[in-house]
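*Asks:* Model the structure of this input:
(one chain, ligands or ions: 1)
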Amino acid sequence: MRYVSTRGQSPSVGFVDAILAGLAPDGGLYVPEAWPSFTQAEIAAFAGRPYAEVAAAVLGKFVDGEIAADLLAEMCAEAYASFTHPAVVPLTQLAPGGFMAELHHGPSLAFKDVAMQLLARLSDHVLGLQKRTQTILCATSGDTGGAAVEAFRGRANTRIVAMFPDGRISEVQRRFMTTAAEDNVRCVAVAGTFDDCQAILKDALSDQSLKQSIGLSAVNSINFARIVAQSVYYFTTGVALGAPHREVAFCVPSGNFGDGFAGYVAKRMGLPIARIIIATNSNDILARAFEEGRYVRGGVAATQSPAMDIQSASNFERLYFEAVRRDGLETGRAFKAFAETGVIDIPPQALATMRETFTGTAVGEGDTSRTIVATLNETGQMIDPHTAVAVAAFNRARGVTEPVIILSTAHAAKFPEAVHAATGETPATPRKALHLAGKAERYDRLPADADVIKTYVRAFAEG
Ligand SMILES: *Cc1c(COP(=O)(O)O)cnc(C)c1O
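*Replies:* Residues are numbered from 1 along each chain as shown. Down below sits the predicted model:
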């Protein structure tokens, strides 16, 4: 299996090179040259199988022999043994026709663990084979940093530096990073905002001498391995509700569109997905794109669901590429123009293709809070604000006849302030997060200055 760039100007690469590179040299994102697929009988046979086995089967199609099948199965087993629920991604029922896939039973209580636990094992293994080491620089507004530190701490061939905006993330989020005692982890509280952290990350990644000398890399959701790992729970939950013998639908709280695109991948592989509802908070670029046919960047507003406070959904480029019939030149043109103008007018034919699968709904702050309260009252379940955005979008959907699987992307205890503000109740901290409170924290405070941070990262990588 070869991987090509969405911008059509880079040579194709294999799976291992695609996941180590992140972005393609022409600035595009890697996608497989052709979508692999399962037969209906193969999909039906996923019913009742352990999550890690389905993961190995799905990943196997994309790895295509570059990692031995037994090793891949072992990595999947290990990755999902770190989840505290034996089903890994359990399904509960919320309403007639409405089900919730709980993606938050991993070590850092957010769905980013599902992909990161596997990516860490895949990439560390591959680096070992190539006798290379890598330093990951990560900028986080909260959840990605905790998931990345949990996944990469103690790995032999990878160092990780997690940057977060000093004083602007919750204590629980900070402690998931700063209590890691392993030598290959550093945490940096940056005197600035998340945007400052992201600008520093971009600066560091475009510094070719730094990139080459210390093997600098990133773990954001442009990494194709993360997308594939996320398509697995579309299969396990879809099959639990009757696929492939009947169609299913999904409702996905979205920011960078990684999770939404993973659903598209599952559909292309043969899972009968009738529709995917993309639910955004008031940062509604994706909802507007599917509704109005224009992808237009706006200002970023801070909401109760900060992991979705995004106005440029990097994985949308992958869907666009598919929708313009894999025209790399057109995709490159559109997204280079978007970087400058902040606008893409989606061609009518491409929009029609997108709408065969996707619809978009934006949910405001009031509706999000009311949905947290209503869900607690009606079902006894405490949901976090990201999940609430999706539940609200599900409640608004009309004319859907398939069972809808709503993705629950974070545990309520990860956002206790928002849940308390809505309901007056504080979610209980899961046992695996309790130990964080007593542990020593370790982090450095640095100014929001790219040169200072690059010097720090280099010293850590070389020291
Ligand atoms: C990252 C994240 C999302 C958004 O996922 P995308 O793949 O970026 O669309 C939603 N909810 C939570 C809790 C997250 O951490």
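
*Asks:* And the helices in the stretch 1-150 of the chain?
*Replies:* 15-21, 40-44, 51-63, 69-81, 112-129, 143-152 (DSSP state H, counting those that start in this stretch).

*Asks:* Leu329 is nearest to which of these?
*Replies:* When the helices of the stretch 1-150 of the chain are compared by C-beta to C-beta, helix 15-21 sits nearest Leu329, at 20.5 Å. (Each C-beta comes from the backbone N, C-alpha and C, glycine too.)

*Asks:* residues of that closest one that come out buried?
*Replies:* Buried residues in helix 15-21, counting neighbours by 16 or more other C-beta atoms under 10 Å, are found at Phe15, Val16, Ala18, Ile19, Leu20, Ala21.

*Asks:* contacting residues around the first one?
*Replies:* Read that as Phe15. Taking C-beta atoms under 8 Å, 6 or more residues apart in numbering, we find Phe15 in contact with Met1, Tyr3, Phe62, Val63, Asp64, Glu66, Ile67.

*Asks:* give the contact list for the closest residue to Pro348 other than its chain neighbours.
*Replies:* Nearest residue to Pro348, sequence neighbours excluded (C-beta to C-beta, 6 or more residues apart in numbering): Gly293, at 7.3 Å. The contact partners of Gly293, by C-beta under 8 Å, 6+ apart, come to Asp345, Ile346, Pro348, Leu351.

*Asks:* what's the residue nearest to the first one when sequence neighbours are not counted in contact with, if anything?
*Replies:* Okay, so that is Asp345. Excluding the flanking residues, the one nearest Asp345 by C-beta to C-beta, 6+ apart is Arg294, at 5.7 Å. Contacts of Arg294 were listed using C-beta under 8 Å, 6+ apart, and they are Arg288, Val343, Ile344, Asp345, Ile346.

*Asks:* ok, now Arg168?
*Replies:* For Arg168, the contact set (C-beta under 8 Å, 6+ apart) comprises Ser141, Thr193, Phe194.

*Asks:* same check, this time on Tyr3
*Replies:* Shown in contact with Tyr3 (C-beta under 8 Å, 6+ apart): Ser12, Val13, Gly14, Phe15, Asp17, Ala18, Tyr30, Val31, Pro32, Glu33, Phe224.

*Asks:* just the buried members of these?
*Replies:* Buried subset of these (neighbour count, 16+ other C-beta under 10 Å): Val13, Phe15, Ala18, Tyr30, Val31, Pro32, Phe224.

*Asks:* beta partners of the first one?
*Replies:* Spelled out, that is Val13. Taking DSSP bridges as the rule, Val13 bridges to Tyr3.

*Asks:* how much space is there between it and the ligand?
*Replies:* Distance of Val13 to the ligand, computed by C-beta to the nearest ligand atom, to the nearest Å: 23 Å.

*Asks:* give me the element Ala274 is part of.
*Replies:* Following DSSP states H and E, one finds Ala274 within strand 273-280.

*Asks:* on contacts alone, who are the packing partners of that strand?
*Replies:* Counting by 3 or more C-beta pairs under 8 Å, 6 or more residues apart in numbering; DSSP states H and E, the packing neighbours recorded for strand 273-280 are strand 248-253, helix 258-268, helix 285-292, strand 358-362, helix 385-396.

*Asks:* What residues does the stretch 301-450 of the chain have near the ligand?
*Replies:* Residues of the stretch 301-450 of the chain lying near the ligand by C-beta under 6 Å from any ligand atom: Ala307, Met308, His386, Thr409, Ala410.

*Asks:* Return the member of those nearest to Arg7.
*Replies:* The shortest approach to Arg7 among those belongs to Met308, at 25.9 Å (C-beta to C-beta).

*Asks:* In this structure the closest one contacts Ala388, no?
*Replies:* No. Under the criterion of C-beta atoms under 8 Å, Met308 is not in contact with Ala388, lying 11.3 Å apart.

*Asks:* so how far is stretch 206-223 from its chain's centroid?
*Replies:* Its chain's C-alpha centre and that of stretch 206-223 lie 19 Å apart, by C-alpha atoms, centre = their mean, to the nearest Å.

*Asks:* Format the CA atom coordinates belonging to that stretch as PDB.
*Replies:* Provided in PDB are the C-alpha atoms of stretch 206-223 (Å, rounded to 0.1, in the frame of the first residue of the first chain):
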ATOM      1  CA  SER A 206       9.800  24.700   9.800                       C
ATOM      2  CA  ASP A 207      13.300  25.100  11.100                       C
ATOM      3  CA  GLN A 208      15.000  22.500   8.900                       C
ATOM      4  CA  SER A 209      18.300  22.400  10.800                       C
ATOM      5  CA  LEU A 210      16.600  21.700  14.100                       C
ATOM      6  CA  LYS A 211      14.300  19.200  12.300                       C
ATOM      7  CA  GLN A 212      17.200  17.200  10.800                       C
ATOM      8  CA  SER A 213      19.600  17.400  13.800                       C
ATOM      9  CA  ILE A 214      17.200  16.100  16.500                       C
ATOM     10  CA  GLY A 215      14.500  14.400  14.400                       C
ATOM     11  CA  LEU A 216      11.800  16.800  15.400                       C
ATOM     12  CA  SER A 217       8.300  15.700  14.800                       C
ATOM     13  CA  ALA A 218       4.600  16.400  15.800                       C
ATOM     14  CA  VAL A 219       1.700  14.200  16.800                       C
ATOM     15  CA  ASN A 220      -1.300  16.200  15.600                       C
ATOM     16  CA  SER A 221      -4.200  14.600  13.800                       C
ATOM     17  CA  ILE A 222      -2.800  15.100  10.300                       C
ATOM     18  CA  ASN A 223      -0.900  11.800  11.100                       C
END
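
*Asks:* May I see the buried residues of it?
*Replies:* Result for stretch 206-223 [16+ other C-beta under 10 Å]: buried residues Asp207, Leu210, Ile214, Gly215, Leu216, Ser217, Ala218, Val219, Asn220, Ser221, Ile222, Asn223.

*Asks:* Quick one: check that stretch for contact with the ligand.
*Replies:* Yes. Shown here: stretch 206-223 in contact with the ligand (C-beta under 6 Å from any ligand atom) through Ser221.
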